[in-house]
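Asker: Here is my input; please provide its structure:
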Amino acid sequence: MELASVDPSTGEEIGRYAVQGREEVACAVARAREAAVSWGGRPVEERCALLDRWRCALGRDADALSAMVHREIGKPLQEALGADLLPSLHALRWVVRHAPSLLRRRGIAGTRAWQEPLPLGVVGVIGTWNYPLFLNVTPIAWALAAGNAVVWKPSELATATALLLQGHCERVGLPVFVVTGDGTTGRALCQSGCDKIAFTGSVRTGRAILAELAHSGTPAVMELSGNDAMIVCEDAAVAEAARAAVWARCGNAGQSCVAPQRIYVHRAVYAAFLEHCRGVMQGLRAGVDYGPLRTAAGRDLVHRMVWDAVPRGARLLCGGYPLTDRPGYFYAPTLLADCHNALLLYTRDFFGPVVAVCPVEREEEAVRLANASAMALGASVWTRSRARGRRIAGQLYAGLVSINEVLLDAAHPALPFGGARASGYGKQRGAAGLDEFVLWKTVAPHPTGGARRHLFPYDRATLSILRGMVRMQVAEGWRARGAAIRELIAGVRNYRRDRARGCEHSE
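Answerer: Predicted coordinates:
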């Protein structure tokens, strides 16, 4: 059985790839299990040196990689380089520099104990397609730096790009094993006995994966869909906010999980914001500034959601139709005003070049509407006031809140990224992302000898000591503390006396 990868700009076939089944997946996991022993035993500095070689190899092959992303996903070359490959290189540089210090033994305050990282073994990465370099390179790199081998099942919509990446992994000597295929391959990977699964993708697929993992108890880190809110205050730099909103929703054809989907704009600047958005959107060029949707089904879904909104009160200001004068799955940049939280555009996660705007009267209203979502991945606040920005950000329920920016913070390798509610759990990237791929084993040393009063036999003296210790924990005032100390001292004396008598009797 094979799957085909198709150029979404032209409809032309790029290549055909095997749909690997349970046996092939089991073989890949077995090879990874064997490789994990030697890989995890290497010092973290050695592992990072190979990751740095991978980074350099990807940089040298930038033209071929970006050309393949452009062809297979449809995004402009500027985005393939600037929003996919370049963040991947930045991320690899960060993990190479910081993993050695982050994966050192950690002392535990107030104790003699410490924690030391233990690799999990084999991590299964089920990848996504919308950023086929960055969103796959980062979980793979973080898992490798932590000492694990990786079995990677790339998205069936980005297989050609994945095989280019895999070629670089093999040449560098990284323990990454690719299995190609569709959902059946991903299901087989979930059932294969991996020690952890890292998944990036939709809520629907994420829940299906969790259902599979529940049978074995395999843990997972999941970055699922977003339904991000953008709040534009009356004192915001309106033109700047509008340009950012259009870029976030139309860049990569709106196929970004943290692109603002629900835009709440204060009534005082509402008209100006819409006018700025329309001006930017009307100047966008198909195939130059924005690309196609990845699939025909994705384009058709966007069209249905737009025309579900219009009869329900939304005003169409521009766009609202597929481009039929050219091949591919292009959709015209679309601006909708007077949206509200009951629309599918505001309740479902979706990909597409659609800017949907809702007017609000007050800051409190914007925060309430922004938090009224089943998803909690990211959000942004736009204001010239630092204090207001921090105040609103503190009230928003989201895994990442940007102030006067969109998208960029989600790609910063130092910032842990992940949501709550239906948007998943766990963190990718940053120090917290490394913690996802190790067991922090606690080691607690104790000297030999000592009284060890907690051991058998139990007696009244031991009980008196424990009561004194409890009273000391809660005693307030010098009289109460004095009484607790006297009880504790009396208990210790009785304990020593009883133990001494016990020794005499034994003789």
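Asker: Next, give phi and psi for A372.
Answerer: Here is the backbone geometry of A372 (degrees, to the nearest 10): phi -90, psi 60.
Asker: what comes into contact with stretch 486-505?
Answerer: 451, 453, 459-469, 471-472 (C-beta atoms under 8 Å, 6 or more residues apart in numbering). Bear in mind the C-beta positions are built from the backbone N, C-alpha and C, glycine included.
Asker: Which of the residues you listed fall within helices?
Answerer: R460, A461, T462, L463, S464, I465, L466, R467, G468, M469, R471, M472 (DSSP state H).
Asker: check which helix or strand covers the residue nearest to the last one when sequence neighbours are not counted.
Answerer: Counting by C-beta to C-beta, 6 or more residues apart in numbering, M472 lies nearest to A484, which is 4.4 Å off, once chain neighbours are set aside. Secondary-structure assignment from DSSP states H and E places A484 in helix 478-506.
Asker: Filter the contacts of stretch 486-505 down to the buried ones and express that as a PyMOL selection.
Answerer: Buried residues among the contacts of stretch 486-505 (16 or more other C-beta atoms under 10 Å), as a PyMOL selection:
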select buried, resi 461+462+464+465+468+471
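Asker: and G121, how many neighbours does it have?
Answerer: Using other C-beta atoms under 10 Å, G121 has 20 other residues around it.
Asker: if I look at it, how far off is Y425?
Answerer: 21 Å (C-beta to C-beta, to the nearest Å).
Asker: cool, P322 as well?
Answerer: Applying C-beta to C-beta to P322 and Y425 gives a distance of 36 Å.
Asker: Would you confirm that A422 contacts S202?
Answerer: No - the pair formed by A422 and S202 falls short of the contact definition of C-beta atoms under 8 Å, at 10.2 Å.
Asker: So between those two, which is more surrounded?
Answerer: A422 (18 against 15).
Asker: what are the phi and psi values for the more buried one?
Answerer: phi -80, psi 0.
Asker: re earlier: give me the common contacts of A422 and S202.
Answerer: In contact with both A422 and S202: L224, S225, using C-beta under 8 Å, 6+ apart.
Asker: Kindly state the domain boundaries assigned to the protein.
Answerer: The record's domain parsing of the chain by automatic domain parsing lists 32-103+115-224+428-441, 229-411, 460-506.
Asker: what about the first one, start to end distance?
Answerer: So that's domain 32-103+115-224+428-441. Length of domain 32-103+115-224+428-441, first residue to last, C-alpha to C-alpha, to the nearest Å: 23 Å.
Asker: low pLDDT regions in this protein?
Answerer: Applying pLDDT under 70 to the chain flags the ranges 502-507.
Asker: swap the cut-off to 90 and go again
Answerer: Where the chain drops to pLDDT under 90, the residues are 1, 449-507.
Asker: which parts of stretch 213-229 are buried?
Answerer: Applying 16+ other C-beta under 10 Å to stretch 213-229 flags L213, T218, A220, V221, M222, E223, L224, S225, G226, N227, D228, A229 as buried.
Asker: residues in contact with the helix or strand hosting A432?
Answerer: In this assignment (DSSP H and E), A432 forms part of helix 430-435. With contacts defined as C-beta under 8 Å, 6+ apart, helix 430-435 is touched by 95, 98-99, 102-103, 138-139, 142, 145-146, 413-417, 427.
Asker: same thing but 10 Å
Answerer: 44, 91, 94-95, 98-99, 101-103, 117, 138-139, 141-143, 145-146, 198, 221, 412-418, 426-427, 436 (C-beta atoms under 10 Å, 6 or more residues apart in numbering).
Asker: Select only the buried ones of those residues in PyMOL?
Answerer: To isolate the buried members of those in PyMOL, using 16+ other C-beta under 10 Å:
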select buried, resi 44+91+94+95+98+99+102+103+117+138+139+141+142+143+145+146+198+221+412+413+415+416+417+418+426+427+436
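Asker: Out of the contacts of helix 430-435, list just those in helices.
Answerer: Those of those lying in helices (DSSP H): 44, 91, 94-95, 98-99, 101-102, 138-139, 141-143, 145.
Asker: and the helix or strand harbouring R207, which residues are buried?
Answerer: Per DSSP H and E: R207 is located in helix 203-216. Neighbour-count burial for helix 203-216 flags V203, T205, G206, A208, I209, L210, E212, L213 (criterion: 16+ other C-beta under 10 Å).
Asker: how far does it sit from the chain's center?
Answerer: In terms of C-alpha atoms, centre = their mean, to the nearest Å, the centre of helix 203-216 is set 17 Å apart from its chain centre.
Asker: Give me the contact list for it.
Answerer: By C-beta under 10 Å, 6+ apart, the list of residues contacting helix 203-216 reads 124, 126, 128, 155, 183, 186-194, 196-197, 199-202, 218-220, 222-227, 348-349, 374-375, 421-425.
Asker: Show the buried residues in those residues.
Answerer: Buried, going by 16+ other C-beta under 10 Å: 124, 126, 128, 155, 186-192, 194, 196-197, 199-201, 218, 220, 222-227, 348-349, 375, 421-425, out of these.
Asker: Now intersect those residues with the helices, please.
Answerer: Per DSSP H, the subset of the buried ones among the contacts of helix 203-216 in helices is G186, R187, A188, L189, C190.
Asker: now these as CSV including distance to V258?
Answerer: What follows is those, written out as CSV (distance: C-beta to C-beta, whole Å):
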residue, distance to V258
G186, 23
R187, 27
A188, 30
L189, 26
C190, 25
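Asker: for those, which one is nearest A18?
Answerer: Lowest distance from A18 to those (C-beta to C-beta) belongs to A188, with 13.0 Å.
Asker: Surely A379 is within a strand?
Answerer: Yes - checked against DSSP: H, G, I helix; E, B strand; the rest coil, A379 lies within a strand.
Asker: beta partners of it?
Answerer: A229, V401 (DSSP bridges).
Asker: So what does C257 have for phi and psi?
Answerer: phi -70, psi -20.
Asker: Now it. Nearest residue, chain neighbours left out?
Answerer: G226 (4.5 Å).
Asker: In contact with that neighbour, which residues?
Answerer: With C-beta under 10 Å, 6+ apart, G226 has these contacts: 203, 256-261, 349, 373, 375-379, 398-400, 410, 419, 422-424.
Asker: re earlier: distance to D498 added to the ones in helices among the contacts of helix 430-435, as JSON lines?
Answerer: Shown next, in JSON lines, are those (distance: C-beta to C-beta, whole Å):
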{"residue": "V44", "distance to D498": "52"}
{"residue": "A91", "distance to D498": "63"}
{"residue": "W94", "distance to D498": "61"}
{"residue": "V95", "distance to D498": "59"}
{"residue": "H98", "distance to D498": "56"}
{"residue": "A99", "distance to D498": "54"}
{"residue": "S101", "distance to D498": "51"}
{"residue": "L102", "distance to D498": "50"}
{"residue": "T138", "distance to D498": "62"}
{"residue": "P139", "distance to D498": "59"}
{"residue": "A141", "distance to D498": "61"}
{"residue": "W142", "distance to D498": "56"}
{"residue": "A143", "distance to D498": "56"}
{"residue": "A145", "distance to D498": "56"}
